[in-house]
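> Pasted the sequence and its predicted model underneath.
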Amino acid sequence: MEENAIEISGLKKSYGNTLALQKVNLSIKKGEFFGLLGPNGAGKTTTISILTGLVFRDEGSTLVFGEDTVENFRYTRSKIGIAAQELSVDWFFSIEKLLYFQAGYYGLSKKDAKESVNSLLERLGLDKKRSSRLRQLSGGMKRRFQLAKALVHDPDIIILDEPTAGVDVELRRSLWKYLNELHSEGKTILLTTHYIEEAEQLCENIAIIDEGKILKRGSPKELTQELGSSGITIKIGDTINKFDSFLSDYSYTFSDNRLHFSVKNPDVAMPDIIQKLSKNNIKIQSVESNSSSLEDVFLDLTGKGIDE
């Protein structure tokens with residue numbers, strides 16, 4: 001049985017009269033790349049803040065490698081590196097010194113800290129900026145620094161809160177490549193993001209959260225197949241409209257010599273439909289298909305856009 005890196009059960013959190021999390025249940029396996037997708041105020045940041053000990057839970061349990069994040073805080077926190085949205089560091093020190101401070105916080109020796117800091121600065125393209133202060137860095141460089149800060153103690157779990165928000169496309173793609181490399185090294189990654197494309201490209205599994213509740217979880221492909229629908233449009237050369245005798249298994253419309261089908265799995269349905277049309281001597285002129293996206297599924301589940 002695969003070990004869970006993160007296990008959340010019955011998690012509740014309120015801020016005054018506002019219920020931020022409503023009995024959230026979530027498990028993430030060791031080595032998994034998992035995405036938490038939701039609009040602003042859905043409960044993403046509250047969830048990861050509880051996992052990392054920045055916020056206390058009201059009810060429920062949060063386990064990291066089987067250990068409670070409250071009862072065994074030192075152990076669970078040592079296993080996690082977090083790249084937060086906000087920069088909560090001293091702006092007057094160089095980024096190199098700030099990384100050494102972070103390494104010291106986790107008890108790294110001088111030798112280990114030096115190796116880790118130098119490796120991360122080089123790997124993340126920050127080597128030439130090591131003497132710069134944070135306020136002198138561009139937005140993209142600050143994002144890279146946040147990632148370096150999360151990784152300096154070589155954690156088993158990496159939590160990324162909107163890691164590519166506000167960066168250009170080129171940098172976003174380079175960060176995606178680096179995150180995939182970390183995943184291939186066996187790291188467990190929990191990603192919160194506004195970018196649906198990012199979740200589709202990076203995550204093995206995702207959970208859609210809204211108003212403090214997990215609405216659905218699964219792989220992007222599973223969710224689009226289960227909750228979305230795909231369209232198949234076939235233009236035919238015949239003008240007959242008596243298809244029910246052999247297409248009764250499908251939902252379709254017919255107009256202007258075009259058959260349009262709404263299906264869950266086009267990979268299975270398309271060859272079957274084409275075969276049935278051919279068997280009944282229907283001449284096919286063209287075939288087109290389009291699939292629901294993860295964004296369509298998100299909109300259907302939440303009734304709102306990702307940025308709302």
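Structure's in. What do you need? This is a predicted model, so every value here is computed, not measured. Numbering: from 1, shown residues only.
> Just give the nearest non-adjacent residue to Phe246, would you?
Spatial nearest neighbour of Phe246, chain neighbours left out: Lys276 (5.0 Å); criterion: Cβ to Cβ, 6 or more residues apart in numbering. Placement of C-beta: from N, CA and C, glycine included.
> Tell me how far the one you found lies from Ser248.
Spatial separation of Lys276 from Ser248 under the definition Cβ to Cβ, to the nearest Å is 10 Å.
> Between these two, tell me which one has more neighbours.
When neighbours are counted by other Cβ atoms under 10 Å, Lys276 and Ser248 differ, and Lys276 comes out ahead with 16 against 8.
> now for the helix or strand encompassing that one, which elements pack on it?
Per DSSP states H and E, Lys276 falls inside helix 266-279. Contact partners of helix 266-279 among helices and strands, from 3 or more Cβ pairs under 8 Å, 6 or more residues apart in numbering; DSSP states H and E: strand 230-236, helix 244-247, strand 258-263, strand 284-290.
> mind putting the ones you listed in TSV, mean pLDDT, mean neighbour count and distance to Arg217 included?
Below are those laid out as TSV (pLDDT from 0 to 100; neighbours: other Cβ atoms under 10 Å; distance: least, Cβ to Cβ, whole Å):
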stretch	mean pLDDT	mean neighbour count	distance to Arg217
strand 230-236	86	17	21
helix 244-247	82	12	34
strand 258-263	83	17	23
strand 284-290	88	12	25
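> in the stretch 201-308 of the chain, what spans have low per-residue confidence?
238-241, 304-308 (pLDDT under 70).
> ok, and what's touching the helix holding Lys276?
Residues from elsewhere that reach helix 266-279 (Cβ atoms under 8 Å, 6 or more residues apart in numbering): 230, 232, 234, 236, 246-247, 250, 261, 263, 284, 287, 289, 291.
> for stretch 224-241, same thing?
216, 218, 254, 257-266, 269-270, 273-274, 277, 282-294, 296-297, 300-301.
> Using PDB, write out every CA atom in it.
Output in PDB follows, covering the C-alpha atoms of stretch 224-241 (Å, rounded to 0.1, in the frame of the first residue of the first chain):
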ATOM      1  CA  THR A 224     -13.100  16.000 -18.000                       C
ATOM      2  CA  GLN A 225     -14.300  12.500 -19.000                       C
ATOM      3  CA  GLU A 226     -16.600  12.100 -16.100                       C
ATOM      4  CA  LEU A 227     -18.000  15.600 -15.800                       C
ATOM      5  CA  GLY A 228     -17.500  17.100 -19.200                       C
ATOM      6  CA  SER A 229     -18.800  16.200 -22.600                       C
ATOM      7  CA  SER A 230     -17.300  16.000 -26.000                       C
ATOM      8  CA  GLY A 231     -18.700  16.900 -29.400                       C
ATOM      9  CA  ILE A 232     -18.300  14.900 -32.600                       C
ATOM     10  CA  THR A 233     -19.600  16.400 -35.800                       C
ATOM     11  CA  ILE A 234     -19.800  14.300 -38.900                       C
ATOM     12  CA  LYS A 235     -20.800  15.800 -42.300                       C
ATOM     13  CA  ILE A 236     -22.400  13.200 -44.500                       C
ATOM     14  CA  GLY A 237     -23.200  13.100 -48.300                       C
ATOM     15  CA  ASP A 238     -26.700  11.700 -47.900                       C
ATOM     16  CA  THR A 239     -29.700  13.700 -47.000                       C
ATOM     17  CA  ILE A 240     -31.700  10.900 -45.200                       C
ATOM     18  CA  ASN A 241     -32.500  11.500 -41.600                       C
END
